[in-house]
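1. model this:
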Amino acid sequence: MKTRAAHAETNPAGLLTRYGQELEVRLSEWLDAGDEEGLDSLWRQSRQSVREYVLRPAKRVRPTLLTLGWLMARPDGMRGEIPEALLSFGAGLELLHTFMLVHDDVADRAATRRGGAALHELFGGGKQGDDLAVLAGDHLYARAVELMLSSPESVAATRYMLEVCRHTAAGQHLDLVLSRAPLSTVTLFRTLKVADLKTARYGFVAPLACGAMLAGGSPALIDSLKRVGRHAGLAYQLRDDLIGLLGDAATAGKPCGGDYLEGKRTFPVIAAWTRADAEGREALESLWEAPNEARLATARELVKTWGGASSTQKVIDTRTRAATRALDALGDSAGAAMLRHLFDGLARRNS
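-> Got it, this is the predicted structure:
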């Protein structure tokens, strides 16, 4: 396996920090595909907008989980070196995630992302901005797969990641279909299925499993990490649902309340409807039948009044504890300790 030299660092936390720093450098390099330089000056201009969008400060959760999955399979660390396959696959994961964000923002009519304009707005907005953003997303997807496949040992992990992406598309489809359904027909189970398909599998399960695959981890370890990732991913998405409805836009770096304006039937909403009396259910149904900015404050208040927020936080806490227990079963290691710390922070984040 090819490697890229790092300082003599054996502390897993230090290696994770160094990996993140190196990943940012490599992302910048890999956004410049040499074979595209001579294509056209207008394309070069558009690529600069894409570069600015991709390189904005972000959590980089998926590359981090990829690295921790590797460390769970190689508890002795990286011996002071960062594997090339880990860097290229991590960059591919980040570009794949960015591709999904670009397309999501077009579908959701979101104006901002990561503290700046959404990509379709950078391209001028309107139909042309949408069209150009979709094409840029397609380009990011192709580049992501190129990077994930750039090492011979990454083929199996890439195949698994693409399988999960198909499941993510199914989850997004379900999310959109449910956004037009009466609240009375949407179950808590189905909202959790959306969270599992859209976020837990591709955002948590797959990065952890792929990291272990790249490190040559055993099938038993990979299966265990998938269980860990599913619990943590569901906690993450449910927290995102709370932020998307009840959060503060200045803190989150993206519009809050957008989930309501898009009519999304997320877990907090259905939890509130389930607990409400007949009058409360009627009010919630009316609010979600015709969402608009003027009714947002009322919608937020009703979800809190009927326990949608508090019950969602309880599930978040339960899933976070389940992820921790599943990690405990894998033994004590620096990688496991870092995963516990990461999961706890993500479950209580405000952005």
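2. right, and the helix or strand after the strand or helix carrying A299?
-> Taking DSSP states H and E as the criterion, A299 maps to helix 296-305. On the C-terminal side of helix 296-305, the closest following helix or strand by DSSP H and E is helix 308-328.
3. now that following helix, how far from the centre of its chain.
-> What separates the centre of helix 308-328 from the centre of its chain is 18 Å, taken as C-alpha atoms, centre = their mean, to the nearest Å.
4. which strands and helices sit next to that helix?
-> Of the remaining helices and strands, those touching helix 308-328 by 3 or more C-beta pairs under 8 Å, 6 or more residues apart in numbering; DSSP states H and E are helix 219-246, helix 267-275, helix 334-347. For glycine as for every other residue, the C-beta is placed from the backbone atoms N, C-alpha and C.
5. dump the ones you listed into JSON lines; add distance to T312, mean neighbour count and mean pLDDT as well.
-> Conversion of the helices and strands packed on helix 308-328 to JSON lines gives the following (distance: least, C-beta to C-beta, whole Å; neighbours: other C-beta atoms under 10 Å; pLDDT from 0 to 100):
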{"stretch": "helix 219-246", "distance to T312": "5", "mean neighbour count": "22", "mean pLDDT": "95"}
{"stretch": "helix 267-275", "distance to T312": "5", "mean neighbour count": "23", "mean pLDDT": "98"}
{"stretch": "helix 334-347", "distance to T312": "11", "mean neighbour count": "18", "mean pLDDT": "84"}
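6. buried ones in the helix holding A299?
-> Within helix 296-305, the residues that qualify as buried are L296, A299, R300, L302, V303, counting by 16 or more other C-beta atoms under 10 Å.
7. phi, psi of E37?
-> Here is the backbone geometry of E37 (degrees, to the nearest 10): phi -60, psi -40.
8. now swap in R348 and tell me
-> When read as degrees, to the nearest 10, the backbone of R348 gives phi -120, psi 10.
9. what residues are up against S333?
-> Neighbouring residues of S333 by C-beta atoms under 8 Å, 6 or more residues apart in numbering: L71, M72, P75.
10. please pick the buried ones from those.
-> By neighbour count, with 16+ other C-beta under 10 Å, the contacts of S333 hold L71, M72 as buried.
11. in three-state terms, label D76 for me.
-> For D76, the reduced secondary structure class is coil; criterion used: DSSP: H, G, I helix; E, B strand; the rest coil.
12. which other helices and strands contact whichever strand or helix holds H167?
-> Here H167 sits within helix 155-178, counting by DSSP H and E. For helix 155-178, the elements it packs on are helix 84-108, helix 126-148, helix 188-195, helix 206-214, judged by 3+ C-beta pairs under 8 Å, 6+ apart.
13. can you tell me the average pLDDT over it?
-> Mean pLDDT, taken over the full extent of helix 155-178, equals 95.
14. please apply the same query to stretch 309-320.
-> Over the span of stretch 309-320, the pLDDT mean works out to 95.
15. now that stretch: buried residues?
-> For stretch 309-320, burial by neighbour count (16+ other C-beta under 10 Å) applies to A309, S311, T312, Q313, V315, I316, R319, T320.
16. format the residues you listed as a markdown table; extra columns: distance to A215.
-> Converted to a markdown table, those look like this (distance: C-beta to C-beta, whole Å):
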| residue | distance to A215 |
| --- | --- |
| A309 | 39 |
| S311 | 38 |
| T312 | 35 |
| Q313 | 35 |
| V315 | 32 |
| I316 | 30 |
| R319 | 26 |
| T320 | 25 |
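17. now, which of those sits nearest V61?
-> The shortest approach to V61 among these belongs to T320, at 14.7 Å (C-beta to C-beta).
18. quick one: contacts for the closest one?
-> For T320, the contacting residues are H231, A232, A235, F343, D344, A347, taking C-beta under 8 Å, 6+ apart as the criterion.
19. what of Q48?
-> Contacts of Q48 were listed using C-beta under 8 Å, 6+ apart, and none were found.
20. where does the stretch 51-200 of the chain dip in pLDDT?
-> Regions of the stretch 51-200 of the chain meeting the criterion pLDDT under 70 cover residues 77-80.
21. isn't N292 up against G263?
-> No: the pair formed by N292 and G263 falls short of the contact definition of C-beta atoms under 8 Å, at 10.4 Å.
22. neighbour-wise, which of these two wins?
-> Using other C-beta atoms under 10 Å as the criterion, N292 and G263 rank with G263 on top: 17 against 10.
23. quick one: buried residues of stretch 156-166?
-> A157, T158, Y160, M161, V164, C165.
24. chain center to it: distance?
-> 15 Å.
25. can you give me the angle the helix holding A299 makes with helix 308-328?
-> Helix 296-305 runs at 60 degrees relative to helix 308-328, counting by axes from the mean of the first three to the mean of the last three C-alpha atoms, to 10 degrees.
26. just give me how far helix 296-305 sits from the chain centre.
-> Helix 296-305 has its average C-alpha position 26 Å from the chain's average C-alpha position, going by C-alpha atoms, centre = their mean.
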